[in-house]
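Chemist: predicted model and sequence follow; I will ask about them next.
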Amino acid sequence: MKKAGSNEIQRGQAISFRVPSDTPDHLIKQLQKLKETERRNFSSKIAEFVMEGVGNVNAREREMITVPLPKMLTKAQRDWLKHEHSEALLGSIIYQLITDPVRSTSLLASLNSKSVDIDEALYLQEEEVFPEKHDISSYLVKEPVVEEMAASIDLSDMDDDLDEFDWENAKPLIQEEKVEEEPDLDDLLGGFLASMNK
């Protein structure tokens, strides 16, 4: 094991410091109040403040986010998280997930299915979401079923027929039919008046 030098800081080591002479009065009063309320835990509370301050300085230097976890962590998991290599590993994983969301969903699917091959993992994930039902007895109907056969329609043939259709020739035919259908107004009135005179 590596021997720590006299100037290296270690976990659990006591650190003493002087309160700076230019500290404002309101901060001195706050420290005094904290010392009176915390008593024996005062140094632990100060250590929390120091660690939080150092963490905030570190957070300003690099991007940090807070992520809620689905379950509470055990003490062993928290200890693992405190290690600098664990933080670096998790940071790079989260960065990769954020930069490529599609890849992250496939990775999550593979982690959930415990499969090594990503394609197989995605396939297994789909099976779990949409399980196939092999029992068809519930689908049987006691009434006679009429089978209808759908005619296959080739849509390209329909487009060709419409392309070859001459719209200009069709318009005069429609107008001629309208003219033939409408009888002359004089014929109608003349016929009516003639029948009335009889």
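Modeler: Arrived safely. These numbers come from a predicted model, not from an experiment.
Chemist: thought residue 107 was touching residue 94?
Modeler: No - at 11.6 Å, residue 107 does not count as touching residue 94 under the criterion of C-beta atoms under 8 Å. C-beta here means a position set from N, CA and C on the backbone, and glycine is covered the same way.
Chemist: more neighbours: which of those two?
Modeler: Between residue 107 and residue 94, counted using other C-beta atoms under 10 Å, the more crowded position is residue 107 (16 against 13).
Chemist: please report how far that one lies from residue 63.
Modeler: Plainly put, residue 107 is 21 Å away from residue 63 if you go by C-beta to C-beta, to the nearest Å.
Chemist: which SS state does residue 16 fall under?
Modeler: coil (DSSP: H, G, I helix; E, B strand; the rest coil).
Chemist: what about it, how many neighbours?
Modeler: Counted with other C-beta under 10 Å, residue 16 comes out at 5.
Chemist: where does the protein have low pLDDT?
Modeler: Scanning the chain with the threshold set as pLDDT under 70 gives 1-6, 58-62, 114-163, 165, 170-198.
Chemist: which helix runs longest in it?
Modeler: Under DSSP state H, the helix in the chain containing the largest number of residues is helix 42-61.
Chemist: can you tell me what sits against it?
Modeler: For helix 42-61, contacts defined as C-beta atoms under 8 Å, 6 or more residues apart in numbering pick out 14, 34-35, 38, 64.
Chemist: go through it and flag the buried ones.
Modeler: Buried residues in helix 42-61, counting neighbours by 16 or more other C-beta atoms under 10 Å, are found at residue 46.
Chemist: which elements pack onto the helix or strand following it?
Modeler: Proceeding N to C from helix 42-61, the next assigned helix or strand is helix 75-82, under DSSP states H and E. Under the contact criterion of 3 or more C-beta pairs under 8 Å, 6 or more residues apart in numbering; DSSP states H and E, helix 75-82 touches helix 84-99.
Chemist: after the helix it packs on, next one along is what?
Modeler: Past helix 84-99, the next helix or strand by DSSP H and E is helix 101-113.
Chemist: next, the buried residues of that next one.
Modeler: 106-107, 109-110, 113.
Chemist: tell me what that helix is packed against?
Modeler: Short answer (3+ C-beta pairs under 8 Å, 6+ apart): helix 101-113 packs on helix 84-99, helix 118-129.
Chemist: distance of residue 70 from residue 85?
Modeler: The gap separating residue 70 from residue 85 is 23 Å, by C-beta to C-beta.
Chemist: neighbour count for these two, which is higher?
Modeler: For residue 70 and residue 85, the more surrounded residue by other C-beta under 10 Å is residue 85, and the numbers stand at 8 against 4.
Chemist: identify the residues contacting stretch 24-31?
Modeler: By C-beta under 8 Å, 6+ apart, the surrounding residues in contact with stretch 24-31 are residue 19.
Chemist: put the alpha carbons of that stretch into CSV.
Modeler: Taking Å, rounded to 0.1, in the frame of the first residue of the first chain, the C-alpha atoms of stretch 24-31 are listed here in CSV:
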residue,chain,number,x,y,z
PRO,A,24,-17.8,40.0,8.2
ASP,A,25,-19.5,40.2,11.5
HIS,A,26,-22.7,38.5,10.3
LEU,A,27,-20.7,35.4,9.3
ILE,A,28,-18.9,35.4,12.7
LYS,A,29,-22.3,35.5,14.4
GLN,A,30,-23.6,32.7,12.2
LEU,A,31,-20.5,30.6,13.1
